[in-house]
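**Student:** okay, predicted coordinates and the sequence, questions at the end:
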Amino acid sequence: MNEPLVRLDKVSKCFQIYQQHKTLFRLGQSLLGGVPLKRELWALREVSLEVKRGEKIGLIGKNGCGKTTLLRVLAGILDPTAGSVEVRSPLSVLFNYSLGLNPYLPVLDNIYLLGAVHGILVSEVTNHIEEIVEFSGLRELLYMQVKDLSAGQKQRLFFSVFAQTAADFLAFDESTTVADMSFRKKAEGYFDRLMDSERTVIIASHEMKFITRHCTRVIWMDSGRIKIDGAPEETIGQFQEFCLENKG
Amino acid sequence: MASPRFKKNLNLLGVLVKMYFRTSDYKSIGGALWSFIGPLTAFVVLYCIFEARFGKSIPDFPLHLLVGIIPLTFFNNMMTHGMRFFEKHRDFLLNSHVPAEILLVSSLFVPALKFAVEISLCAVAGLAFGVLHLTSLPLFYLTAIGFILLVFGITLHFLILSTLAGDVMEIWTVLWPMMLFITPTFYTVDMLSPWARLMVLNLNPLTPVVLAFQSLMLGHAAPYFSVYTVVQGAAYMTIAFVSGYSCFKRFEKRGVEMS
């Protein structure tokens, strides 16, 4: 039971970024003539981290500091370039509401699609469909094509289905700010219950109030490295100070 | 007892296949008929142009032509769908645990289904005209399954190539009509010059299958169709499928990053 749920040991992740439009000719030039076609971008650099079961962790840092890449590595979506990753329970992540819904299918069908993507069986979605529809507040729009929904309504849809995930290890990537005030209240209720539960949660967010309220530990990332890993008030305080100093 | 992971993946495959089916032409009878317009137009045009020149010397020319056009159309459909795979499914692959192969198989289901329906209609025509024997039907469908695996394997290679070089899709669009001429659809192989015959028989992986379809459909061996052609076709299928799948498995995560 004392065994950590996650153990990262000097994990680095490097992306190959193409410098120009990749064509067959340039690919040949690169393979035969050694003409560089891409450059390296290190999104994570020697990140070492342990997460215990039941911890509620906030992940903060500027845009592009490596938060999303870290979550993708933890979820097994991306492989690290170096280092080792041990995750003892599969991680379910709600990524910034950018998962591909099918715009030409009605809301109802997309509920099943999102459910399947998050590992929820059709029968389980059917059993919870009332709950999902009620939570989303989209009852009137169930048979409308998703392309006709507003951005906020799509967020409601994503969030309501993801809230049904039974996984023990969850993460939210900049997906805690949801829709309008009425839905935000519902979402807050969900987060309150989640934080009181035994489940392990990682929240990547720019909302410092939210992180302070819900998390027991905060990791500040900067340029792909962990800058500070500590108590919420202290870490957030230093991060905010750093942001003010580096405003220009 | 199926593992929870297997159950979840099967569930995902079912939902995705249903989704692709419902957003395709096939969701209604009118739409399904509309989707036959492509091969039908190619058939009518080629028939009108080549009937006078080749129709006289090829027995059952319309069926010979039809059973050649349908696999070619399917090949092109799979290639165009497959080459856009990473580009079209980037959000899914980067933001969820959806296994790439489940997404790929489900996205290619509709073209494969279309091919199955078209080739079945072709078989019905063959039976109606009395050229295709009922006893040949199992072999006919076995050839169709082999062809689907061959095309799937080739598509996987091109999918990887088009992710590495963005213009492969455009090059394919330009080169695709050439396939019509280097595959024995409106002619037979014995009509070709020796060097052209050598090229069509040995450099085009679709030739053995098209010859097999024509031989089964018309009830007699097409020119230059032999045991060697069957072995060659089986070898092409095995090599394309096994190498395509293993390359795809090795490449999938890189493909997600590069898309």
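**Tutor:** It's in. Numbering: from 1, shown residues only, chains lettered A, B, ... in the order given.

**Student:** okay, the helix or strand of chain A with the lowest mean pLDDT in CSV with CA atoms only?
**Tutor:** One helix or strand of chain A scores below all others by mean pLDDT, DSSP states H and E: helix A:24-33, with a mean of 83. Extracted as CSV, the C-alpha positions of helix A:24-33 are listed here (Å, rounded to 0.1, in the frame of the first residue of the first chain):
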residue,chain,number,x,y,z
LEU,A,24,9.4,13.6,-50.3
PHE,A,25,12.3,15.5,-51.9
ARG,A,26,13.4,17.0,-48.6
LEU,A,27,13.0,13.6,-46.9
GLY,A,28,15.3,12.1,-49.5
GLN,A,29,17.7,15.0,-49.1
SER,A,30,17.7,14.5,-45.4
LEU,A,31,18.2,10.7,-45.6
LEU,A,32,20.9,10.7,-48.3
GLY,A,33,22.6,14.0,-48.0
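
**Student:** quick check: buried residues in the helix or strand in which A:Glu124 is found?
**Tutor:** Here A:Glu124, judged by DSSP states H and E, is contained in helix A:122-136. Using 16 or more other Cβ atoms under 10 Å in any protein chain shown as the test for burial, helix A:122-136 gives A:Val125, A:His128, A:Ile129, A:Ile132, A:Val133, A:Phe135, A:Ser136. (C-beta placed from N, C-alpha, C; glycine too.)

**Student:** buried residues in the host helix or strand of B:Thr173?
**Tutor:** B:Thr173 belongs to helix B:168-182 when assigned by DSSP H and E. By neighbour count on 16+ other Cβ under 10 Å, the buried set for helix B:168-182 is B:Val168, B:Met169, B:Trp172, B:Met179, B:Leu180.

**Student:** which of those sits closest to B:Glu87?
**Tutor:** B:Met169 (9.0 Å; Cβ to Cβ).

**Student:** so which of the buried residues of helix A:122-136 also contact chain B?
**Tutor:** Among the buried residues of helix A:122-136, not one lies near chain B by Cβ under 8 Å from any Cβ of the partner chain.

**Student:** which among those residues gets closest to chain B?
**Tutor:** A:Val125 (9.2 Å; Cβ to the nearest Cβ).

**Student:** give me the mean pLDDT for the strand or helix carrying B:Phe251.
**Tutor:** Using DSSP H and E, B:Phe251 sits within helix B:227-258. The pLDDT scores in helix B:227-258 average 93.

**Student:** what of stretch B:78-86?
**Tutor:** 92.

**Student:** mind jotting down where the helices sit in the stretch 101-250 of chain B?
**Tutor:** With helices called from DSSP state H, counting those that start in this stretch, the stretch 101-250 of chain B shows them at B:109-128, B:137-164, B:168-182, B:194-202, B:207-218, B:227-258.

**Student:** can you say which of the ones you listed is packed in most?
**Tutor:** Highest mean neighbour count of these: helix B:207-218, a mean of 25 (counted as mean count of other Cβ atoms under 10 Å in any protein chain shown).

**Student:** residues making contact with the helix or strand bottoming out on mean pLDDT in chain B?
**Tutor:** Here the helix or strand of chain B ranked lowest by mean pLDDT, DSSP H and E is helix B:29-34, holding a mean of 78. With contact meaning Cβ atoms under 8 Å, 6 or more residues apart in numbering or on different chains, helix B:29-34 is reached by B:Ser24, B:Asp25, B:Tyr26, B:Val117.

**Student:** one more time with 7 Å, if that's ok
**Tutor:** B:Asp25, B:Tyr26 (Cβ atoms under 7 Å, 6 or more residues apart in numbering or on different chains).

**Student:** kindly report the same for stretch A:69-77.
**Tutor:** Residues outside stretch A:69-77 that contact it (Cβ under 7 Å, 6+ apart) are A:6, A:11, A:13, A:43-44, A:47, A:78, A:80, A:85, A:87, A:91, A:93, A:171, A:173, A:202, A:204, B:94, B:97.
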